[in-house]
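Engineer: what shape does this take:
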Amino acid sequence: MGQSPILKGDFDVSNHFKRRSFRKFILSFSITLIVIVAVAGGAYAALRMSVRPPEIEEFVEVVRPLPRPPVVNNPVLPPATNISDEGNDDEPSDEPYPGYETLIFQRRPNFYTFLIYGLDSGVNVDTIMVAAFDAEAGKAYLISLPRDTRVDADRRVGLRKLSASYAFGQAQGRGHEGGIYRLKNEVSTLIGFRPDFYVGIDERAFIRLINGIGGVEVTIPFHMRYDDPYQNLHINLPAGQRVLTGQQAMHFARFRLANEGYRGVTDFQRVAHQQQIISAAVQELLSPRTITLIPELVRIYREHVRTDLSPLEIAWFVEQVPGLNANLLSTYTLPMARTVRQGWYEIPDQDEVLELVNRTINPFMQEITAEMLRIVE
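Structural biologist: This next block holds a predicted model:
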């Protein structure tokens, strides 16, 4: 018996199975997509839940030196007393004078401090700053510490300049951590506390960052020229307002000495130039287009930045950026009282330092006092 032909209106079995297979594919693809979105969304939600501000102890022990008792040139001795063989509780102790007291200071909420330092091509600290971020007020402060600042350091050899602290700590055999520990300690003698975190940036990170944000616009006060073949450093920046590349911004930040016939700058003027670059970079980083720079910024962070901040802690600080305005950063330089030309040291002005620190970067509810500093007179 022959097979009946398929007439118009009859059921097409082959097309039915094609449509059924396509519907199954769409259903399967949709379910897979929903699962991927759900997993990705769950991972993102979990990440969001993990992104929290850095944990800082609310109460901190602060060691403050005590004033020593006055020295009496001709003390009047008390009358002799009979002392039994069993001893006398009133006898003076052989222990040294306890020169410190421990106080409990309360931290300001959501207030974080950072030691920021820049390394040259070797291990020398070329830039030293202390920054503070007040998340409650949406304000940031940055104080530059001149590299020639004299510190009350217990080094047996070498200069007592702040810039030598990192290399000295490294040389003691503890490497990078030893350098940071030493730098934090010596900075604390000038400001009264140890910064919470550190961020170290080398020359390559600086250049890549400036290039990544499209350069920075600064005002060059005069024609800067300096050639040093030993450092392979060649600076040639004409005066005027201009947008600098990463390399040019590095030259502007490092410039101090000049070729014969050209002007040089003081360490304080160089600090002002560095602050000008930082302010311009912050303006760019707070712009809406920063979102497009995140991949490059992440690469720079991984390859060139040394910090004890975790990635999730950094992510929390990044989250604060959209709510900030371009005027959030105020920059200052540690006030100096005088310059000692023998060895070329800068001596801080204690009263002005206290006023500035307490007004800006002090992380405590209580004021930092003169006894908490170790400024060389």
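Engineer: show the pLDDT at the closest residue to residue 280 other than its chain neighbours.
Structural biologist: The shortest distance from residue 280 to any non-neighbouring residue, by CB to CB, 6 or more residues apart in numbering, is to residue 216 (3.9 Å). Where you see a C-beta, it was placed from the backbone N, CA and C, and this is true even at glycine. Note on residue 216: pLDDT of 93.
Engineer: now do residue 374
Structural biologist: pLDDT, residue 374: 89.
Engineer: list the contacts for it?
Structural biologist: Applying CB atoms under 8 Å, 6 or more residues apart in numbering, we find residue 374 in contact with 65, 151-152, 189-190.
Engineer: so what's the residue nearest to residue 280 bridging to?
Structural biologist: On the basis of DSSP bridges, residue 216 takes part in beta bridges with residue 244.
Engineer: for the stretch 201-350 of the chain, what spans make up the strands?
Structural biologist: Ranges of strands within the stretch 201-350 of the chain are 216-220, 224-228, 233-237, 240-244, 305-307, 329-333, 336-340, 345-348, based on DSSP state E, counting those that start in this stretch.
Engineer: quick one on the thing from earlier: export the contacts of residue 374 as a markdown table, with columns for neighbour count.
Structural biologist: Shown next, in a markdown table, are the contacts of residue 374 (neighbours: other CB atoms under 10 Å):
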| residue | neighbour count |
| --- | --- |
| 65 | 13 |
| 151 | 25 |
| 152 | 13 |
| 189 | 18 |
| 190 | 24 |
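Engineer: farthest-apart pair in these, please.
Structural biologist: 65 and 151 (15.6 Å; CB to CB).
Engineer: how close does the most centrally placed residue in the chain get to residue 244?
Structural biologist: Here the mean C-alpha position of the chain is nearest to the C-alpha of residue 116 (CA atoms, centre = their mean), at a distance of 3.4 Å. Distance check for residue 116 against residue 244: by CB to CB, to the nearest Å, it reads 20 Å.
Engineer: try residue 205
Structural biologist: The value you get for residue 205 to residue 244, if CB to CB is used, is 16 Å.
Engineer: stretch 102-109: which residues count as buried?
Structural biologist: The neighbour-count criterion (16 or more other CB atoms under 10 Å) identifies 105, 107-108 as the buried residues of stretch 102-109.
Engineer: least confident of the residues you listed?
Structural biologist: Out of those, that is residue 105, at 91.
Engineer: quick one: strands adjacent to whichever helix or strand it is part of?
Structural biologist: Using DSSP states H and E, residue 105 maps to strand 100-106. The strands beside strand 100-106 in its sheet (DSSP bridges) come out as strand 59-65 (antiparallel).
Engineer: contacts for the partner strand?
Structural biologist: Defining contact as CB under 8 Å, 6+ apart, one finds that strand 59-65 is touched by 99-107, 193, 364, 369, 371-372, 374.
Engineer: about what we covered before: what's the following helix or strand after the strand holding residue 105?
Structural biologist: strand 111-119.
Engineer: quick check: closest non-adjacent residue to residue 256.
Structural biologist: Excluding the flanking residues, the one nearest residue 256 by CB to CB, 6+ apart is residue 270, at 5.1 Å.
Engineer: the nearest residue to residue 53 once chain neighbours are set aside: how many residues sit nearby?
Structural biologist: In space, and not counting its chain neighbours, residue 53 is closest to residue 316: 5.2 Å by CB to CB, 6+ apart. Using other CB atoms under 10 Å, the number of residues around residue 316 comes to 17.
Engineer: you'd agree residue 316 is up against residue 110?
Structural biologist: No - look at residue 316 against residue 110 with CB atoms under 8 Å: they stay out of range, at 10.5 Å.
Engineer: joint contacts of those two?
Structural biologist: With contacts taken as CB under 8 Å, 6+ apart, the residues that reach both residue 316 and residue 110 are residue 53.
Engineer: go through the strands of the stretch 201-350 of the chain and pick out the most buried.
Structural biologist: Mean neighbours per residue, mean count of other CB atoms under 10 Å, is largest over these for strand 345-348, with a mean of 20.
Engineer: report the beta-bridge partners for residue 125.
Structural biologist: So, taking DSSP bridges as the rule, residue 125 has residue 119 as bridge partners.
Engineer: now residue 161
Structural biologist: Those that pair with residue 161 in a beta bridge, by DSSP bridges, are residue 150.
Engineer: perfect, that will be all.
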